[in-house]
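*Asks:* pasted the sequence and its predicted model underneath.
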Amino acid sequence: MSDDLSKRVEQAAQGITLQTKPDERRRYLGSLRERVYVRMNNAEVKDSKLTSLFLQHIDDFKGYTILINGNITDDGFLGDVEAACSKKNISFTLVNNETAKTGPEDSAVLVVSKNAINRQRIKIGQVYAPELPKTELEAPKKKESFWHKLFHGEK
């Protein structure tokens with residue numbers, strides 16, 4: 001314990017600060033999970049429905065920062081996000097360091113806050129769930145009881 005404390009004091013005296021939650025920061029392009037509003041992974045970026053959904057809701061991201069994985073291979077989406085952010089005056093950052101990985105489940109685009117917002121669901125498909133068809137929203141018809149049919153007849 002005292003060795004750990006003395007090592008920490010020595011590092012602080014040299015100006016070295018340890019990073020909190022390094023694994024989480026590697027997964028979320030240098031940010032923390034508690035600050036993420038919306039997340040898209042590299043596989044979701046290739047889905048045209050999800051990318052258009054993201055661009056459709058770009059106005060919701062004012063006041064946030066968009067972190068973009070600079071190593072993603074879909075330049076069309078990358079250009080569309082940059083253009084939309086510039087047009088709407090939303091800050092964005094291209095991340096090209098060791099946190100920008102290209103695996104299918106690695107982060108491609110994150111909308112992050114400066115402070116913790118602790119959202120339960122951050123995937124694009126969960127934040128902006130598709131609308132249900134109108135037929136599913138209608139209440140099922142109430143079944144008439146035997147006694148109602150007997151005394152009131154069927155209509």
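*Replies:* Right, received. Where do you want to start?
*Asks:* so how far is residue 65 from the closest residue to residue 21 other than its chain neighbours?
*Replies:* Nearest non-adjacent residue to residue 21, counting by CB to CB, 6 or more residues apart in numbering: residue 32, 6.2 Å away. Yep, even glycine has a C-beta here, placed from its N, CA and C like the rest. Separation of residue 32 from residue 65 (CB to CB, to the nearest Å): 13 Å.
*Asks:* of those two, give the one with the bigger neighbour count.
*Replies:* Legend: neighbour count by other CB atoms under 10 Å for residue 32 and residue 65, higher for residue 65 (18 against 15).
*Asks:* residues contacting the closest residue to the more buried one other than its chain neighbours?
*Replies:* Using CB to CB, 6+ apart and skipping the chain neighbours, the partner closest in space to residue 65 is residue 91 (4.9 Å). Neighbouring residues of residue 91 by CB atoms under 8 Å, 6 or more residues apart in numbering: 65-66, 85.
*Asks:* of all those residues, which comes closest to residue 151?
*Replies:* Nearest to residue 151 among the contacts of residue 91 is residue 66, at 64.9 Å by CB to CB.
*Asks:* from what I see, the closest one and residue 81 are in contact.
*Replies:* Yes: Residue 66 is in contact with residue 81 according to CB atoms under 8 Å; the separation is 6.8 Å.
*Asks:* okay, and the common contacts of those two?
*Replies:* 92, 109.
*Asks:* ranges for the strands of this protein?
*Replies:* Secondary structure of the chain (DSSP state E): strands at 36-41, 65-69, 91-95, 107-112.
*Asks:* most tightly surrounded among those strands?
*Replies:* Here the criterion is mean neighbour count by mean count of other CB atoms under 10 Å, and of the strands of the chain the winner is strand 107-112, at a mean of 26.
*Asks:* could I get the full set of helices for the chain?
*Replies:* 2-13, 22-27, 42-45, 48-56, 75-88, 124-127, 134-137, 146-152 (DSSP state H).
*Asks:* point out the most buried one among these.
*Replies:* It is helix 42-45: most buried of the helices of the chain by mean count of other CB under 10 Å, with a mean of 20.
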